[in-house]
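[1] task: produce atomic coordinates for the following.
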Amino acid sequence: MRLGEVYLDLLIHCSDLCIAGSFVVVFLKLQKTRSAAGLSLQTIATVVGARVLHLISHLIGLHYSPNVLPWFIFPTIDILSAGAGVALLAAFILYYYPSYEKEKDNFGIHIFEKFELVSKNSPLRTSPFVAASFLYAVVAVMAMLWYFVRRSQHTFLVSYFCCYYEAMG
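    Now for the predicted structure:
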């Protein structure tokens, strides 16, 4: 019996469902409270970005190939999950951004202030894009370091893509 293979297929499938479910739950929270207070745009954008990047793994042949469950389930759930994530991000920005507490979503801003790249009085201090630029720069550096540890037989771009995706997670 292929119980181990069924179990692995189900674990990966359930993981994908849970990520899609998390987007739905956050969206329902936004609808119920009509506020983005307490939510991190940086976190939502990072998780949605990782989900969208995950779709590329299907196109370049890196995605897990199920052993028992039908293959079409995996890309279908991934597309639905990425779509739900993009819809959540769009709803957050279009409808709930005024209630977003951007001054609290400040991961990375302190580094810019310490090196005097952004003054404490600058409107950029509360910009989620400035804060996110630090996050993605750190991810890019971590991915490059991970690339030197995690060798593969793929080209540099495919290998770095994998490392970047893994560093985001």
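
[2] from the contact counts, what lies against the top helix by length along the chain?
    For the chain, the helix with the greatest residue count under DSSP state H is helix 3-33. Contact analysis of helix 3-33 by 3 or more Cβ pairs under 8 Å, 6 or more residues apart in numbering; DSSP states H and E lists helix 41-59, helix 73-91 as its packing neighbours. For every residue, glycine as well, the C-beta is placed using N, CA and C.

[3] tell me the mean pLDDT over that helix?
    On average, the pLDDT along helix 3-33 is 93.

[4] got it, and stretch 79-87?
    Across stretch 79-87, the average pLDDT comes to 96.

[5] quick one: contacts of it?
    Contacts of stretch 79-87 with the rest of the structure, by Cβ atoms under 8 Å, 6 or more residues apart in numbering, involve 16, 19, 20, 23, 24, 27, 47, 48, 51, 52, 54, 55.

[6] dump these into TSV; add neighbour count and distance to residue 83 as well.
    Listed next are the contacts of stretch 79-87 as TSV, based on neighbours: other Cβ atoms under 10 Å; distance: Cβ to Cβ, whole Å:
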residue	neighbour count	distance to residue 83
16	21	13
19	20	12
20	19	9
23	23	9
24	14	11
27	18	12
47	20	14
48	22	10
51	23	9
52	16	9
54	20	12
55	15	10
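
[7] and which of the residues you listed is nearest residue 115?
    Sorting the contacts of stretch 79-87 by how near they are to residue 115, with Cβ to Cβ, puts residue 47 at the top with 27.8 Å.

[8] with adjacent residues omitted, what lies nearest to the residue nearest the centre of the chain?
    When Cα atoms, centre = their mean is applied to the chain, the residue found nearest the centroid is residue 47 (2.1 Å). Computed as Cβ to Cβ, 6 or more residues apart in numbering, the closest residue to residue 47 that is not its neighbour in sequence is residue 85, at 6.8 Å.

[9] only the buried residues of the helix or strand bottoming out on mean pLDDT in the chain, if you could.
    Of all regular secondary-structure elements in the chain, judged by mean pLDDT, DSSP states H and E, the least confident is helix 109-114 with a mean of 74. Along helix 109-114, these residues count as buried under the neighbour rule (16 or more other Cβ atoms under 10 Å): 109, 112.
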